[in-house]
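Student: Let's see this in three dimensions:
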Amino acid sequence: MKKIVFGIVVLASTLLVACSGGSDAPKPTDTPTSGEVNISVDESFQKLFDNQIYTFEAIYKNAKVHVNYIPENEALTSLINDSCKVVVMCRDLTATERKSFEAKNIFPISTKIAEDAIVLLVHPENMDTVLTVEQVKAILLGNDSLWKQVNNKSLLDGVNVVFDNAGSANARYMKDTLLQGKNFATNVFAVKSNPEVIEYVSTHKNALGILSVNWISDIDDSLTTNTLKKVKVVAIAKDITSKPFKAYQAYIKTKEYPFTRDVFMINRQTRAGLGMGFVSFVAGDKGQLMILKAGLIPAIAPVRLVQVNIE
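Tutor: You can find the predicted model right below:
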């Protein structure tokens, strides 16, 4: 009888150890307002997210957001590889991309945080500060490779189009949306950052620069003020019969400015961790007010459009 009791005790002890083995597995150390998280942000939004992260960490002293500003395609890869928990991109995941996550039992949450626009910049001595959508398309395809083809009064020669990065959201948007996937002309190239686009345009008379509006839209920012002294912003018309518009907030909201897009934060950390906490902050009142101040359209906070009639 004693042998039987001993055998039961040993068996029970073995089962207890086996069940408690999971307690040795690493447990999450972050909460929505504390801990650390890695995020990847398309470099178009560096100015905006520098401010968002600074404010978030100032409010939540125990939180640390490690950010990597990289081209959009690299940001998506980092999300897939789990080297970050949150990405900021100018599009949502495709159905195919979602299926690849779901196959791993991961269900990313997409949150639209803003409406953005792509702006075109020219040198201060360039007289062509109004272009139609078709003219921009012809330039990117190489059909109009000379400024004289755009405007026969132009004193400039070949058009040099410069993007921030070959894999950026800006390049991808123009290629997919405007060119329907066709390749850029040989006079279209990329540098390494948005500030380099601004610098190139300011020093090359033939240049046409393409970047996100948030680099030039915060009028209270000294960098924006200095930038607008070095380049000119192009107004865009939908066609030759339409009125041209610049990428001001009202015209982004009404879509009268044609090159607009949505900005998403995509979170693969679906539990209540710091990734989810930071997304909630950006999508909340404080984060949305910062987006409004940056010159973008907040996705969640209401925007008031006021029409003024001058008699």
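
Student: quick one: the residue nearest in space to the middle of the chain from residue 150, how far?
Tutor: What sits nearest the mean C-alpha location of the chain, by C-alpha atoms, centre = their mean, is residue 89, with 4.1 Å. Distance from residue 89 to residue 150, counting by C-beta to C-beta, to the nearest Å: 32 Å. Placement of C-beta: from N, CA and C, glycine included.

Student: do residue 250 as well
Tutor: Distance from residue 250 to residue 150, by C-beta to C-beta: 27 Å.

Student: Also residue 56?
Tutor: Residue 56 is 44 Å from residue 150, by C-beta to C-beta.

Student: ditto for residue 47
Tutor: Separation of residue 47 from residue 150 (C-beta to C-beta): 30 Å.

Student: before we move on, what about residue 175?
Tutor: In terms of C-beta to C-beta, residue 175 sits 20 Å off from residue 150.

Student: So these two - more neighbours on which side?
Tutor: With neighbours defined as other C-beta atoms under 10 Å, residue 175 and residue 150 compare such that residue 150 has more, 21 against 17.

Student: May I see the buried residues of the strand ranked longest in the chain?
Tutor: Using DSSP state E, we find that the single longest strand of the chain is strand 109-122. Using 16 or more other C-beta atoms under 10 Å as the test for burial, strand 109-122 gives 110, 111, 113, 114, 115, 116, 117, 118, 119, 120, 121, 122.

Student: so what's the first one bridging to?
Tutor: Translated: residue 110. Taking DSSP bridges as the rule, residue 110 bridges to residue 266.

Student: Can you list the residue ranges for strands in the stretch 1-150 of the chain?
Tutor: Under the criterion DSSP state E, counting those that start in this stretch, strands of the stretch 1-150 of the chain are mapped to 35-42, 63-70, 86-89, 109-122, 130-132.

Student: looking at this, residue 282 is in a helix?
Tutor: Yes - assessed by DSSP: H, G, I helix; E, B strand; the rest coil, residue 282 belongs to a helix.

Student: got a list of what it touches?
Tutor: Contact analysis of residue 282 by C-beta atoms under 8 Å, 6 or more residues apart in numbering lists 52, 111, 113, 265, 288, 291.

Student: and the next element down the chain from the host helix or strand of the last one?
Tutor: Yep, that's residue 291 we're talking about. Secondary structure from DSSP states H and E places residue 291 in helix 285-293. Once the chain leaves helix 285-293, the next helix or strand it forms, by DSSP H and E, is strand 297-298.

Student: From the contact counts, what lies against that next one?
Tutor: strand 109-122, helix 249-253, helix 285-293 (3 or more C-beta pairs under 8 Å, 6 or more residues apart in numbering; DSSP states H and E).

Student: Would you mind listing the outside residues contacting the last one?
Tutor: Residues external to helix 285-293 that are found in contact with it (C-beta under 8 Å, 6+ apart): 48, 51-52, 55-56, 59, 113-114, 218, 220, 249, 281-282, 297-301, 303.

Student: Dump the contacts of residue 282 to CSV, plus pLDDT and distance to residue 200.
Tutor: Listed next are the contacts of residue 282 as CSV, based on pLDDT from 0 to 100; distance: C-beta to C-beta, whole Å:
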residue, pLDDT, distance to residue 200
52, 97, 27
111, 97, 34
113, 97, 29
265, 98, 30
288, 96, 33
291, 94, 27
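
Student: Of those residues, which pair is most distant in space?
Tutor: In terms of C-beta to C-beta, those reach their longest pairwise distance at 52 and 111, which sit 13.3 Å apart.

Student: Distance to residue 224 added to the helices and strands packed on strand 297-298, as CSV?
Tutor: Shown next, in CSV, are the helices and strands packed on strand 297-298 (distance: least, C-beta to C-beta, whole Å):
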stretch, distance to residue 224
strand 109-122, 12
helix 249-253, 14
helix 285-293, 12
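
Student: closest to residue 209 out of those?
Tutor: strand 109-122 (4.0 Å).

Student: Now do that closest one: distance to the chain's middle.
Tutor: Strand 109-122 has its C-alpha centroid displaced from the chain centroid by 6 Å (C-alpha atoms, centre = their mean, to the nearest Å).
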